[in-house]
Each structure stands twice: as structure tokens, then as C-alpha cells.
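Colleague: Any chance you can model this:
(chains A and B)
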Amino acid sequence: MKQENRINVLILTTTILLTLIGLLMVSSSSQIWAEFKYDNKYHYFWRQLVFAGVGIVGMLIIAKINYQFYKTHAAKIFIGVLFLLIIVLIPGIGIVRGGARSWIGVGTFSIQPSEFMKIACIILVSKYLADYYKDVKKPISVLSILGIIIGVFGLIMLQPDFGTGLVIIAAVIVMLFISGVNLSYFFYLLLVGLAGITVLIISAPYRLERIFAYLDPWKDPLGSGFQIIQSLYAIAPGGIFGVGFGNSIQKYFYLPEPQTDFIFAIIIEELGFIGGVVILVLYATFFITSLNVSFHAKDLFGKFLALGITTIIFIQFFINIGVVIGLLPVTGITLPFISYGGSSLTVTLLGVGIILNISKYQILE
Amino acid sequence: MIKMNDFIFIMQKRLKLLIVLFSFLVIILIVRLAFVQFFQSDKIIERAYALWSRNIPVEGQRGIIYDRNGKPIVNNKLAPSIGVIPRQIENKEEVARFISEVLEVSYEEAYRHITKKVSVEMIKPEGRKISLEQAKKIIDKNYKGVYIVGDTTRNYLYDDYLAHVLGFVGIDNQGITGIEYIYDDYLMGDSGNSSYYTDAKGGALNQLYGVYEAPTKGMDIYLTIDIDLQILLERVLENTAAKYHPDQILGLMMNPKNGEILAMASYPSFYPENYQDYDQEIYNRNLPIWMSFEPGSTFKVITYSAGLEEGVFKLDDTFYDPGYKMIGSTRIKDWKAGGHGLQSFLEVIQNSCNPGFMEIGERLGKERLFDYIHAYGFGKKTGVDLLGESTGIVFNLDNVGPVELATASFGQGNSVTPIQLVNATSAAINGGVLYQPYVLKEMRMPITNELIYQNKPKMIRRVISEETSKIMQYALESVVAKGTGRNAYIDGYRVGGKTGTAQKAVDGRYLDNNYIVSFIGAAPMNDPELVVYVAIDNPKNVVQYGGVVAAPVVKEILQEALPILGVAKQIDQIEKEYRWGLDVKYYIVPDLIGKKRNELPIQYHYRYQYYGEGNIVKFQSPAPYERVPEGGTIMVYLGRE
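Modeller: Next comes the predicted model:
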């Protein structure tokens, strides 16, 4: 048994590569809208460059901070972010963008507390599971974790930001599963979930239609099917090699805000199936390596922390791409590392910083 | 209590499971991506291109309409249209000012078009089908966002000729009446597009070049009409109109052997290109099929052939006409005061003797006469492939008393359309068979000329026997040679026919001094090739008799039409009955060719006119054994041996 003592290079490389690809693609996909809205082709690019710079530097700094720090201050961090999450709801403090009151900030600089809440929740749950692993089979401990998380979900839904809330709940459920909670609990959870969905659908049958609209977007091409249709119009013409970097047509006002939720569609259009597969393989490498870090982490807290952060990133990745290629209904979740967005990029990079730090202390047999 | 190591063991087991799950989910993404890109892509890409392109529609070219001999009657000429993509126009004021100048529209109107919030705006109607000069000005300026589309419009090679049959098209080249309407589906070409790729806000895209999807041409149509005969007919009708100032004139020429319509004209006519300038009554009324009136004596052909077929009289049976006939207590007069006296039944039709026809009708009885009237197609549309045909009115048999039977026998009471009359007369002289008249000969593909559809004569029924039809041919030829139709007599052509003078009835009362005079003629009567019918509605400054007014018109038409159809002159026609001082006598021209000038026979009835030098006759006109009228001239061309 020996300790690694240095950060995992594979995680660092894939992270930086994905971030750079993101920078390039934000630059290409946002140009048309940027020129139209701000009269500056590179408006989004420059901002993303700043976020990426800050994020990578932050990541490298975090990678040097011993992750035990978060265990010690887990409660403080959680309460601090919870405070922000509450005050963001107050009109006048929280800034509304795209119909959601999700931002706090001054001038052009603003942050999304819900993004930070993802990490805060993971830290809190990791600490809880590490400390009380012996009680993990008791219903009371499972229920108390779920209680806190559902409370957070409720707060986030007040903004509303369904996507982020969903990611947090899903990540915590995965953590509970890994911690060895009886599989029967998940069965009950599934039942409760199904019951909830059934109630929602019976009370308003159109919801079912909405949820499954993505399967046949052409049924309502100007309504629920609009975004997915525009996304498919980018993906299909991409072919194997794509139309070439910078040559997307769908970014010409057809796809709304192509630099955020639907950036992967423009990537496929410009770089083709090959480009898409390369990116997916980079992600897969990142996820498998990160889960390996969790596997070999020196203590339970490290294991859960690495697992939680990886899961958060994976769920966002899977849902985002699933939506873009018409596999999942539209939810409004950004693509980690690549989509334009300050809070989401920096939070993701800071999260990777934590994983990198954990990787320093992993034990290899 | 769980031990740390057990816990970690379970956790690691489940972590491995998670790695497998994550990898599996990534593979699902790749598979789905491949599915969208490679299996669904065709349909999606097609829709995507449809989304990116802005189409400026280009009309399909209509098929050409030809006459029976392949001479084009209607084709197309270039007429560009203007379309704009408002988003792409940079200096809206300047372009609006320019367009308002060129198209002669107000500045506000032009500005409204080029600022409209649509992807493509056609400048309608001022920018539709503009002149080539206007189009050139616009092309020269080459403003961004202003596009020229090469539309076409109809080009009428013979001006207003055949207008009622052809009909016309609207601004979108859609058939509105006539052949253009009836065969619109075939004549119409599929429209194409001029495509330009744009972004979602309408701006031009540089990534994709526009494509031009050419419109297709419609099928070409060949009519049974012979344009030369049509020109002849209309020219003669125009002259007649100038002479008699009638309310209207109609003319119809048909091949009696199969129902092909060779020419059809209505006066007044109109220019299809400017149909809006005319009253609806003018362009909607194709008189030969629309007009319905009591035909008068031309109808006697029907009564006469029915009587012959039923054997109620023979040509040499005699009949005495005192100038009237008593039908019960009603005395119905002949058209000739004092009557025609004792005559044969052949003379009855030659003289158009009304009491004679009343007699035939009476002998037939109403059932038999009306059976023939229906068998000849009266009281029912002929089904000709033209728009606006009338049915005519035939008495309901229950309402036919002796008086109605008597008047119907000589052409009063029932009302018929010219095409019914021509078609029925054709049946009477073509061997006895009624055909359905038609104007569509065939349809062909454009460019390749591949035959798509060929119309065939459609026999409806046999009406009379071939023998009876032969007698009818003879009887009608003798009407022209010896009777009321003598003004249609043409030397060398065996013309047959029947006059008609119909009183016009309005609201059940006959008008005074207001007649439709008509003549139906056919030739050659031993094997009729052509039937010509002309009806003149209310001619002025003339005795309103068909024989006086209409017969010479038909004669003029036949005289020129028969050579066009290639019908040869014959010598064994029924000799014209010579009326001293009224009719011209003809003499057979001897063969002079090869004879010496001083040996030519001396003639008193015609003159020689010499041309050329020499002593030997090289050529003569008329040719040997042709005929020359009394007082006429024979041109003799001399030469040396």
C-alpha cells in the first residue's frame, strides 16, 4: 500500500481539454447572437475565457487544499449557501433571467447560488454518510438525508430551477445507493416517485403529453417540439465529419441561445459524429477515472465526496446530451465544462479541484 | 453493527456497478447519436433545408395549344415578376423610391411591400408579369434583396381568333374558361422555386448557394380545330357583320363523319389577353353552343329524314299546297303567299314548303316525330368538351297537340342550339350515325412530343339507315341546286344545304322584323366532308331570309374551305336550275393546249385573253373541262414551239 501524493493527471487533462473545446465552441456558436445582441461577435467568448481562467486557477488552488477542510466546515458551508439560496428569492436581491430568479450579483458580475448548493449538498451528505456509516441501514438516517435534500429541492423550485434541483436529488440518491442502502428502499422510492407522477398526470393529463412530446417533436413544432426540432436540424446535417468549425447554419438564429443548453447540437453540426464521439470519450474517461478516485480514496468522506461530485457532473452531462439528441425531454441543464455560463463552469471546475485533491491521497494496492 | 471494511466492500462493489452503468449510458448516447445522424438524417435534413430556404415561386409554363395540323395557336411569352426579401434590403427608402418609379406604384405602397415582416414578398399586382424593359431596369440596378422571377404569360398568335373556344387564363396562369379551363389540369405545369438560403431572421447565408428548381411545362394540347378554317370563318363573319350590322353572328364547321369541330366562331368576339375589358356576356357566351333558339327551316332536315326513314312519303309523291294547312280549326300559312301549288315531295324540301312539312309531321304522328327529334340529340347537351353548353328545349310530348306537332315539323316551337343542329344534320347526311362533337384531338408531352392521349370519335347511335341518308344527301343537294339554297351553289363542288329563317321569340311572343337567318351547308354531297352552319341574328337593311343573307356567306366559306381541306372538284353534280337573268350560266372550257392561236374555236359566251408571245397555247386558265361563267374570261398563255 502506498499513497499517490500527486494529483491525477488524466482527470486534469480531460478537464482542461473539455474546457478548451468549450471555449472554442462557445466562440463559434455564440458569434451570431453576440453580434446581434451586443454588436460584438466575441462577447460571450471573452466572458467564458474569463470564467475558464478563474475556474482553472481556482481548481488548481482547491486541488492544493486538503479536502478534510470541507468535512470540518461542512455545516457552515451548507448554511452559508442555504442563506444565499434564500435571499436570492427576495425580489430586489435576486436577479431574474429567463423566467427564473436565480442570480445574485452586482452589475455584470453575478452568481447562481443553486450551482454552489450542488457542492454544498454533496459535502454535507458525504460527511453524514462518512460519520454515520454504521446507521446507514436505518430508515431514519436515509429519511433525514432525503428530508434535507427535498427541502433544498423545494427552495430551488421556488426560483424555479427544476434542472438543478433534479440533479441534486439524483446525485444524493446515487450516493445512498453506493453507501449500501438496501435495494428495497430504492424500490419504495420508485413506487413513491411513480405514485407522484401518476397523481400529477391524473390531475392534468396534458403533462403526459408534454413529457413525451420530445418523442415526436413534429406534433407541436412551434411549441414543445420547437427546441428539439431545431437541435435535430443541427445534428442530422452534421454527418460524419461535420460542416466544419464555424460553419453551422442553425446558430444563425434558428437555435435559441446555441451557446448554452444546446451547444452540443452545434458541436455535432460543425465537427460531426467523429467530433461528438471524441468528446463523449473524453467525458467517459473523466467519469471512469473520477470514480476510480472514489474507489481508492483514503477515507469514506473522500470516497463519497469524489463520488458525489462525479455523479453531479455525470447527471448533467447525460441529461444535457440526452435532450440535445432527442433521447430525453427538455429540462434546461447545461453541459458541464462546455456550455457558456460563469457559475456553472467555475463550480464544476472547483468540484474537479476537490476530486484532484482527493486523488492525491488515494491508496493504491 | 457494520464494520468499516464490510461497508467499504459493499461500497466498492456498487462503485464498480456504477462505472459499468455510466459506461453503458455513454454508449447509449453514442448509439442514439448515430441513429439520428445516419438513420433518421434524410428526413430531418430535407426538413432543415426547407427551413433554411426562402422560396420565390416560379410558375410552371402552360402547355401550348396547337391546331389539328400542329400550328401553334397559343404559346407563352416571358413576363417577369418581382419578389423581395425585405430583410436583405439595405436602403429601404431608396429601393422603395426606385420600385415606385419603375412599377408606377405609389411610394407608400412600394415601401409597405419592402418593409413587410415576411420572409418573401411578391409585389402584387403591379410587380406581376411586368414588361421586359421594366425587368431590365431592375436587373441593372441589382439591389440586394430584390429578385426577378421569370414567369410567363399567354401569347395569342392569332389575336382574337378562336377566343371563345380557347378561353383565357388568370394572373396565376390558371384556366378560367374554355379549353384553358377544361384541360387546365393537363395544360398547367408544376411550379418551381428560386431558393435562397437565409438565417432565421431572413438575412442571406453565405454557407449555402441558392438553387433554382425549374418549373415543369404542362402538356401540349392539339385541337380538332383547323386554324386556317377558323381564320376563314371569322374573316367572313367579320365582313358579314360589317355589311349587315347584326346583333350577333355565329359560325360552326364540323366534320360530319366523326364529330370533330373544325372551326367555331362567335361575333362579337374579344381579345383573351384583355378579357377584363369586355362584358361578361361577350366572353362567357360561346354562341354556337350557348345560344338556343327556334331554328326555323333548317330543322326541316330532321322532319324530312324521319318521314323518309318511316316511309310516310317518297320523293316523287305529290302534294298540293294551297298556301296554308288547316290544323283542326287553325289555319297555318305557308311562308309564300298563295302557296307552292302541286309539287313533288322533293320540291317540298327544295321550296321549304311549310304545309308539306306539316303534312309529313301529321303522317308521322307526334310520337314518331319526337322519337326522331330525341334520337338526333335535341333536348340534351351534346357533351362537347367546351364550357357553357345549353340544353335547348324540346316540347314535352304530353303538351304536344296538333298545332305544336305542325309547327315543330317546320322548325318552330322547339328550341335548339347550333351545335345540336349541326350535329343532327351531320348524322342525317353521314350515313345516319350521330356522333359526339369534340374539340380535343390529342395531348402530347412537351419537348418529346410523346403522345399521351388521343381522342377518338364517339358514336352515340344510329338515327336513320344508310339508304335514307343517301336520299337526304340528294335532297339537300337539290335544295341548293334548284331550291331556296341556290345562293350557296358552287360550281364543281356538290353543295347541299338548307336555309332557315327563325322568328325570335321573347317572353312567348314573336318579334316583328327580327329574325335569326341561318344556313346549314355541306359538301360534297356524295360523301360529305364538311358541314358549315352560319346564323345571323337580326341583320339590318336586308330582306331577312336565310336564303338571301346566310346562304351566300356559307357559300363563300365553302368555296375557300374545301380547297383547304383538299376536297377535289367534281363534274357530275346536280345541274343548277337556270333562272333567266337571275342565275349565271356555266360553260365547259374546251382543251386549248397545243392548239394554234388562229385555230381556237370561236365562242360567244366567254372571251379569250392572250398573254405572252408566240402562236401555240402553252397553258390555260381555267383548265380544260373546268367551267366558266357566261361572259367570263379564259386566260390563254402563248409560247413558241
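Colleague: tell me which element the residue in the stretch 451-600 of chain B that chain A sits nearest to falls in.
Modeller: Of all residues in the stretch 451-600 of chain B, B:I452 sits closest to chain A, at 37.7 Å by C-beta to the nearest C-beta. Where C-beta positions appear, they are placed from N, C-alpha and C, glycine not excepted. Under the criterion of DSSP states H and E, B:I452 resides in strand B:451-454.
Colleague: Neighbouring strands - and their directions - for that strand?
Modeller: Neighbouring strands of strand B:451-454 in its sheet, by DSSP bridges, are strand B:440-444 (antiparallel).
Colleague: Go ahead and measure how far the strand it pairs with is from the middle of the chain.
Modeller: 13 Å (C-alpha atoms, centre = their mean, to the nearest Å).
Colleague: what residues does that strand touch?
Modeller: Applying C-beta atoms under 8 Å, 6 or more residues apart in numbering or on different chains, the contact partners of strand B:440-444 are B:63, B:68, B:179, B:183, B:186, B:219-224, B:260, B:385, B:450-455.
Colleague: pLDDT score for the residue in the stretch 401-550 of chain B that chain A sits nearest to?
Modeller: Taking C-beta to the nearest C-beta as the measure, the stretch 401-550 of chain B has B:I447 as its residue closest to chain A, at 35.1 Å. Looking at B:I447, its pLDDT reads 81.
Colleague: so what's it up against?
Modeller: Counting by C-beta under 8 Å, 6+ apart, B:I447 has contacts B:K217.
Colleague: what about the closest residue to A:F162 other than its chain neighbours, distance to chain B?
Modeller: In this structure, A:F162 finds its nearest non-sequential neighbour in A:T331, 6.5 Å apart by C-beta to C-beta, 6 or more residues apart in numbering or on different chains. If you measure A:T331 against chain B using C-beta to the nearest C-beta, to the nearest Å, the figure is 15 Å.
Colleague: Doesn't A:T331 lie inside a helix?
Modeller: No - going by DSSP: H, G, I helix; E, B strand; the rest coil, the assignment for A:T331 is coil, not a helix.
Colleague: pretty sure B:V416 contacts B:G377?
Modeller: No - in this structure B:V416 lies outside contact range of B:G377 using C-beta atoms under 8 Å: 9.3 Å.
Colleague: Between the two, tell me which one has more neighbours.
Modeller: Neighbour count, other C-beta atoms under 10 Å in any protein chain shown: between B:V416 and B:G377, B:V416 has more, with 29 against 26.
Colleague: Next, the contact list for the spatially closest residue to the more buried one that is not a sequence neighbour, please.
Modeller: Excluding the flanking residues, the one nearest B:V416 by C-beta to C-beta, 6+ apart is B:G392, at 4.5 Å. For B:G392, the contact set (C-beta under 8 Å, 6+ apart) comprises B:S292, B:F378, B:G379, B:N414, B:S415, B:V416, B:T417, B:Q420.
Colleague: CSV for those, including secondary structure and pLDDT?
Modeller: Listed next are these as CSV, based on DSSP: H, G, I helix; E, B strand; the rest coil; pLDDT from 0 to 100:
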residue, secondary structure, pLDDT
B:S292, coil, 91
B:F378, coil, 94
B:G379, coil, 92
B:N414, coil, 89
B:S415, strand, 91
B:V416, strand, 93
B:T417, coil, 94
B:Q420, helix, 95
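Colleague: Using ChimeraX, define a selection of the buried residues within those.
Modeller: Remark: buried members of these, expressed as a ChimeraX selection using 16 or more other C-beta atoms under 10 Å in any protein chain shown:
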select /B:292,378,379,414,415,416,417,420
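Colleague: The residue in the stretch 51-200 of chain A that chain B sits nearest to and A:D135: what is the separation?
Modeller: Per C-beta to the nearest C-beta, A:G180 is where the stretch 51-200 of chain A lies closest to chain B, at 4.1 Å. Per C-beta to C-beta, to the nearest Å, A:G180 is found 12 Å from A:D135.
Colleague: what do you get for B:L252?
Modeller: 109 Å.
Colleague: Could you point out the longest strand of the chain?
Modeller: Just so you know, I chose chain A. Counting residues, the longest strand found in chain A (DSSP state E) is strand A:100-106.
Colleague: wrong chain, I was asking about chain B
Modeller: Longest strand in chain B, counting by DSSP E: strand B:509-523.
Colleague: Mean confidence (pLDDT) on it, please.
Modeller: Summarised as a single mean, pLDDT over strand B:509-523 is 86.
Colleague: Buried ones in that strand, by neighbour count?
Modeller: Buried, per 16+ other C-beta under 10 Å, within strand B:509-523: B:Y515, B:I516, B:V517, B:S518, B:F519, B:I520, B:G521, B:A522, B:A523.
Colleague: Next, give phi and psi for the closest residue in space to B:R640 that isn't next to it in sequence.
Modeller: Excluding the flanking residues, the one nearest B:R640 by C-beta to C-beta, 6+ apart is B:G614, at 4.1 Å. The phi/psi pair for B:G614 (degrees, to the nearest 10) reads phi 120, psi -170.
Colleague: what's the burial count for residue 39?
Modeller: Because you didn't say which chain, this covers chain A. A:D39 has 8 neighbouring residues, counting by other C-beta under 10 Å.
Colleague: that answer is for a different chain, and I need it for chain B
Modeller: Around B:F39 there are 10 other residues, counting by other C-beta under 10 Å.
Colleague: Then the one 4 residues further on?
Modeller: Here the count is done by other C-beta under 10 Å, and B:K43 has 12 residues near it.
Colleague: Residue ranges of each domain in chain B, please.
Modeller: For chain B, automatic domain parsing gives the domain ranges B:4-53, B:56-222, B:227-564, B:586-639.
Colleague: Tabulate these in a markdown table, adding columns for distance to A:L300.
Modeller: Formatted as a markdown table, the domains of chain B follow (distance: least, C-beta to C-beta, whole Å):
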| stretch | distance to A:L300 |
| --- | --- |
| domain B:4-53 | 7 |
| domain B:56-222 | 52 |
| domain B:227-564 | 83 |
| domain B:586-639 | 129 |
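Colleague: Torsion angles phi and psi at the nearest residue to B:Q436 once chain neighbours are set aside?
Modeller: In space, and not counting its chain neighbours, B:Q436 is closest to B:K458: 4.2 Å by C-beta to C-beta, 6+ apart. Per-residue torsions, B:K458: phi -120, psi 110 (degrees, to the nearest 10).
Colleague: where along chain A do the strands fall?
Modeller: Counting by DSSP E, the strands of chain A are A:2-3, A:94-97, A:100-106, A:109-111, A:363-364.
Colleague: cool, the stretch 451-600 of chain B as well?
Modeller: Along the stretch 451-600 of chain B, the segments classed as strands by DSSP state E, counting those that start in this stretch run B:451-454, B:458-462, B:496-506, B:509-523, B:530-537, B:586-588.
Colleague: Now tabulate the ones you listed in TSV and tack on distance to B:I148.
Modeller: Output for the strands of the stretch 451-600 of chain B, formatted as TSV (distance: least, C-beta to C-beta, whole Å):
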stretch	distance to B:I148
strand B:451-454	33
strand B:458-462	47
strand B:496-506	54
strand B:509-523	52
strand B:530-537	48
strand B:586-588	66
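Colleague: returning to that earlier point: what sits up against the strand holding B:I452?
Modeller: Contacts for strand B:451-454 (C-beta under 8 Å, 6+ apart): B:Y186, B:M219, B:K441, B:E442, B:M443, B:R444, B:M445.
Colleague: re the thing from before, neighbour count winner among A:G180 and A:D135?
Modeller: A:G180 (20 against 16).
Colleague: ok, B:K456 - how many residues close by?
Modeller: 8.
Colleague: swap that for A:T260, sorry
Modeller: Neighbour tally, A:T260, other C-beta under 10 Å: 22.
Colleague: can I assume it is in contact with A:I338?
Modeller: No - assessed by C-beta under 8 Å, A:T260 is found out of contact with A:I338, at 9.9 Å.
Colleague: so where is the stretch 51-200 of chain A shaky, pLDDT-wise?
Modeller: A:107-108 (pLDDT under 70).
Colleague: need the residues of it near chain B, please.
Modeller: A:Y133, A:K134, A:V136, A:K137, A:V174, A:F177, A:I178, A:S179, A:G180 (C-beta under 8 Å from any C-beta of the partner chain).
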